[in-house]
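# Fold the following for me, if possible:
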Amino acid sequence: MPITLPENLPAYDVLSAEGVMVMGEGRAQTQDIRPLRIGLLNLMPKKIQTENQFARLIGATPLQIEFHLLRMSEHQTRNTAAEHMAEFYRPFADVAASGEKFDGLIITGAPIETIAYEDVTYWDELTQVFDWTQTHVHSTIGVCWGGMALLYHFHNIQKHLLDRKAFGCFRHNNLAPASPYLRGFSDDFVVPVSRWTEMKQAEIDAHPSLITLLGSDEVGPCLVQDPEHRALMVFNHFEYDSETLKEEYDRDVASGKEINVPRNYYPDDNPDLPPLNRWRSHAHLLYGNWVNEIYQSTHYDIEKIGS
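The predicted structure follows:
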């Protein structure tokens with residue numbers, strides 16, 4: 001939540017320059033407040049786990065949020081009970097037909113990153129979702145494959161296969177400390193990574209409208225802002241629970257797949273020891289900042305979103 005200060009107080013300019021959320025007294029007195037409508041387009045196999053992860057992060061602010069669960073219209077999940085999907089999820093086709101609008105939308109990743117985008121069974125509908133966000137969503141976050149797909153759709157930037165899976169907790173650098181999305185971020189910090197593909201920084205830099213906010217010397221760009229499309233793309237997994245990487249590692253070991261111990265995750269890289277969560281605070285910062293930025297900039301009249 002912002003701090004209200006007189007605009008002629010020296011602290012107003014100082015804190016604003018540092019990225020602290022500051023509001024002038026005049027604006028504070030005229031603000032209208034309503035619940036924020038945020039949707040989760042959940043493309044992950046383990047729907048309930050993913051719901052919990054994102055609900056935990058966006059629900060940690062003082063703001064009232066209506067959380068809506070969306071799914072692709074024709075794609076049927078095999079990992080979540082049909083009863084759960086029927087009770088809590090709405091197909092995108094129904095949401096689009098209703099004409100309703102959202103303050104925010106999270107598009108998750110999916111374990112299909114080695115498949116060409118056009119070969120994904122629901123790709124055509126997903127591109128409709130991307131275009132729909134421009135008229136019906138105030139701010140969008142694409143996570144991992146979801147973020148890569150957004151960049152490909154809007155900017156034709158390709159993902160690139162890695163020789164080996166980027167797997168573990170990697171140090172990242174804060175490249176834009178004054179960004180409102182990075183309020184409270186350290187200069188460097190750890191983020192979980194689990195992917196077989198990457199985005200190339202040079203290809204992102206070729207698009208002047210894109211701004212890289214977070215990056216790693218080891219695993220490349222992490223968070224990219226696309227102001228033109230009111231979107232953020234985050235290629236790594238701030239939302240992961242403490243044991244998510246462990247579950248992935250244990251699953252692959254049990255199935256006999258070749259998999260490396262996730263780097264910098266277990267103490268001394270020893271999988272017999274309990275893993276350490278060293279990213280939780282920055283996860284809350286990122287999604288809390290996103291929610292608060294929506295709160296500061298969305299229309300009070302939700303029907304004006306996209307106009």
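# could you pull out the helices for the stretch 151-300 of the chain?
For the stretch 151-300 of the chain, the helices defined by DSSP state H, counting those that start in this stretch cover 201-205, 244-254, 280-297.
# Determine which of the ones you listed approaches A178 most closely.
Comparing the helices of the stretch 151-300 of the chain against A178 with CB to CB, the closest turns out to be helix 280-297 (12.3 Å). Every residue, glycine included, has its C-beta placed from N, CA and C.
# ends of stretch 80-95, how far apart?
The distance separating the two terminal residues of stretch 80-95, taken as CA to CA, to the nearest Å, comes to 21 Å.
# Let me fix that, I meant to ask about stretch 77-94.
Stretch 77-94 has an end-to-end distance of 18 Å (criterion: CA to CA).
# Please apply the same query to stretch 173-182.
11 Å.
# Kindly report the same for stretch 165-183.
First residue to last in stretch 165-183 (CA to CA) measures 31 Å.
# Now do that stretch: distance to the chain's middle.
Between the centre of stretch 165-183 and the centre of its host chain there is 13 Å, according to CA atoms, centre = their mean, to the nearest Å.
# and it, which residues are buried?
Within stretch 165-183, the residues that qualify as buried by neighbour count (16 or more other CB atoms under 10 Å) are 165-170, 172, 174-176, 179, 181-183.
# try stretch 182-195
Within stretch 182-195, the residues that qualify as buried are L182, R183, F185, F189, V190, V191, P192, V193, S194, R195, counting by 16+ other CB under 10 Å.
# Same check on stretch 114-122?
Residues of stretch 114-122 classed as buried under the neighbour-count rule (16+ other CB under 10 Å) are Y117, V120, Y122.
# from those residues, which ones fall inside strands?
Among the buried residues of stretch 114-122, no member is found in strands (DSSP state E).
# and these, which of them are in helices?
Secondary structure of the buried residues of stretch 114-122 is defined by DSSP state H; no position falls in helices.
# E248: neighbour count?
The local packing of E248 (other CB atoms under 10 Å) involves 18 other residues.
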